[in-house]
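# Below are the sequence and a predicted model; questions follow.
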Amino acid sequence: MNIVVEFFVVTFKVLWAFVLAAARWLVRPKEKSVAGQVCLITGAGSGLGRLFALEFARRRALLVLWDINTQSNEETAGMVRHIYRDLEAADAAALQGTGEEETLPPCNLQVFTYTCDVGKRENVYLTAERVRKEVGEVSVLVNNAGVVSGHHLLECPDELIERTMMVNCHAHFWTTKAFLPTMLEINHGHIVTVASSLGLFSTAGVEDYCASKFGVVGFHESLSHELKAAEKDGIKTTLVCPYLVDTGMFRGCRIRKEIEPFLPPLKPDYCVKQAMKAILTDQPMICTPRLMYIVTFMKSILPFEAVVCMYRFLGADKCMYPFIAQRKQATNNNEAKNGI
């Protein structure tokens, strides 16, 4: 094809992509079904991971829950089983209401729990092999597990920095390598990366966390390009970048008090519901709230000093300092309590 003609074709495709993206804001696309598909969620024992599990359960997915905390993971599984029982009861009532005497087909809704430290590569691979043998191949992979050290760089032990990078970034490599091969074989699957707005723009005091989230955003984008280059259009990817979520992970984080009413921490339920809409409509990326798109764009085009001025106006330059101070105080209290 002549390069001039190809240039105009590409220009048209780019413009068409803008039109489709705008249409998503105006018209809600039809959601796909995940009923009966195996969905694996890391960090499922609490926070967003637990809420993701409940949302996928309501859509009749077979759930595989990974968490380092066995007890909290089982608590999530108990909530999922309760949803499954309600669905079974609703199915039975609906069938009875038709007046038919057919027996209800056996329900295959199940939840499986595994204790797994995703920061340890061998643990991930061994647990993934167990999942394949005991449950089957994973269709939807939700990489959600995350940690934060809560220390200034020079006060943060090297072990905590390594831990943050392993769980928040490297784990995505291990889980994807474990489950992507089968997705490629059948050209079907969905990989969800739960990152953060701090993977798109940064702030002071959480260098390790920002680095891990920037890293995982880069991993996700490169993986998405690789799947496109391989023409594996049946494998979808969704990048989730929420603003501060009120899960307690960053308790104490504060922006300027005059701005806070206009940009409060996100409710976890709202954050997950927005992410689910993106996942079920194969949306490549979701920033919550939408203001994050504007902030990311401004960060890309403004000079660094202009970004610093904007941060200071919003109170975002030192927003993590109260959180870090609380973490430090809690650590000191624990040490005093234990007689250290």
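It's in. What you see is a predicted model; the values in this text were computed from it and never measured.
# Mind listing the strands the longest strand seen in the chain pairs with, and their directions?
When the chain is scanned for its longest strand (criterion: DSSP state E), the result is strand 235-242. The pairing partners recorded for strand 235-242 under DSSP bridges are strand 189-194 (parallel), strand 285-288 (parallel).
# The last one: what's the following helix or strand?
Spelled out, it's strand 285-288. Using DSSP states H and E, the helix or strand that follows strand 285-288 in sequence is helix 291-301.
# That following helix: which residues count as buried?
Buried residues in helix 291-301, defined by neighbour count with 16 or more other CB atoms under 10 Å: 292, 295, 299. C-beta coordinates here come from the backbone N, C-alpha and C atoms, glycine included.
# between that helix and strand 235-242, how many degrees?
Between helix 291-301 and strand 235-242, the angle comes out at 90 degrees (axes from the mean of the first three to the mean of the last three CA atoms, to 10 degrees).
# for the closest residue to Pro265 other than its chain neighbours, what are its contacts?
Spatially, and ignoring its direct neighbours in sequence, Pro265 is nearest to Asp246 (4.0 Å; CB to CB, 6 or more residues apart in numbering). Contact analysis of Asp246 by CB atoms under 8 Å, 6 or more residues apart in numbering lists 265-268.
# Just the ones of the residues you listed in helices?
Counting by DSSP state H, the contacts of Asp246 place Pro268 in helices.
# In CSV: the contacts of Asp246, plus neighbour count and pLDDT.
Formatted as CSV, the contacts of Asp246 follow (neighbours: other CB atoms under 10 Å; pLDDT from 0 to 100):
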residue, neighbour count, pLDDT
Pro265, 18, 91
Leu266, 19, 93
Lys267, 12, 95
Pro268, 17, 95
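# Quick check: which element contains Met276?
Assigned by DSSP H and E, Met276 belongs to helix 268-280.
# before we move on, what about Arg254?
For Arg254, there is no host helix or strand (DSSP H and E).
# Pretty sure it sits against Leu314.
No. Counting by CB atoms under 8 Å, Arg254 does not reach Leu314; the two are 11.1 Å apart.
# which stretches of the chain form helices?
Secondary structure of the chain, counting by DSSP H: helices at 3-26, 47-58, 70-97, 121-134, 158-165, 171-186, 207-229, 268-280, 291-301, 304-314, 321-337.
# Next up, the contacts around the residue most central in space within the chain.
The chain has Val194 as the residue nearest its centroid, 1.9 Å off, counting by CA atoms, centre = their mean. With contacts defined as CB under 8 Å, 6+ apart, Val194 is in contact with 48, 142-144, 146, 240, 275.
# change it to 10 Å
Taking CB atoms under 10 Å, 6 or more residues apart in numbering as the criterion, Val194 is in contact with 41-43, 47-49, 52, 142-146, 168, 172, 213, 216, 220, 238-242, 271-272, 275.
# For PyMOL, write the selection for the buried entries among these.
Selecting only the buried entries of these in PyMOL, with 16+ other CB under 10 Å as the criterion:
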select buried, resi 41+42+43+47+48+49+52+142+143+144+145+146+168+172+213+216+220+238+239+240+241+242+271+272+275
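# returning to what we had before: the contacts of Asp246 into CSV, with extra columns for distance to Ile279?
Formatted as CSV, the contacts of Asp246 follow (distance: CB to CB, whole Å):
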residue, distance to Ile279
Pro265, 22
Leu266, 17
Lys267, 18
Pro268, 16
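# what's the closest of the contacts of Asp246 to Glu74?
The nearest member of the contacts of Asp246 to Glu74, counting by CB to CB, is Pro268 at 20.1 Å.
# Run through the stretch 201-340 of the chain and note the low-pLDDT ranges.
331-340 (pLDDT under 70).
# is it true that Met79 touches Phe52?
No. Counting by CB atoms under 10 Å, Met79 does not reach Phe52; the two are 11.9 Å apart.
# Just tell me which of the strands paired with strand 235-242 ends up closest to Asp67.
Distance to Asp67, taken as CB to CB, is lowest for strand 189-194 among these, at 14.0 Å.
# ok, so of the contacts of Asp246, who is nearest Ile186?
When those are compared against Ile186 (criterion: CB to CB), the nearest one is Pro268, at 33.2 Å.
# Closest one to Asn187 out of the contacts of Asp246, please.
Checking the contacts of Asp246 against Asn187 by CB to CB gives Pro268 as the nearest, at 33.5 Å.
# got a list of what that closest one touches?
If you count contacts by CB under 10 Å, 6+ apart, Pro268 has them with 47-48, 50-51, 242, 245-248.
# Going by distance to Asp67, which of the residues you listed wins?
Comparing the contacts of Pro268 against Asp67 with CB to CB places Arg50 closest, at 9.1 Å.
# With adjacent residues omitted, what lies nearest to the closest one?
Leaving out its chain neighbours, the residue that sits closest to Arg50 by CB to CB, 6+ apart is Thr76, at 4.7 Å.
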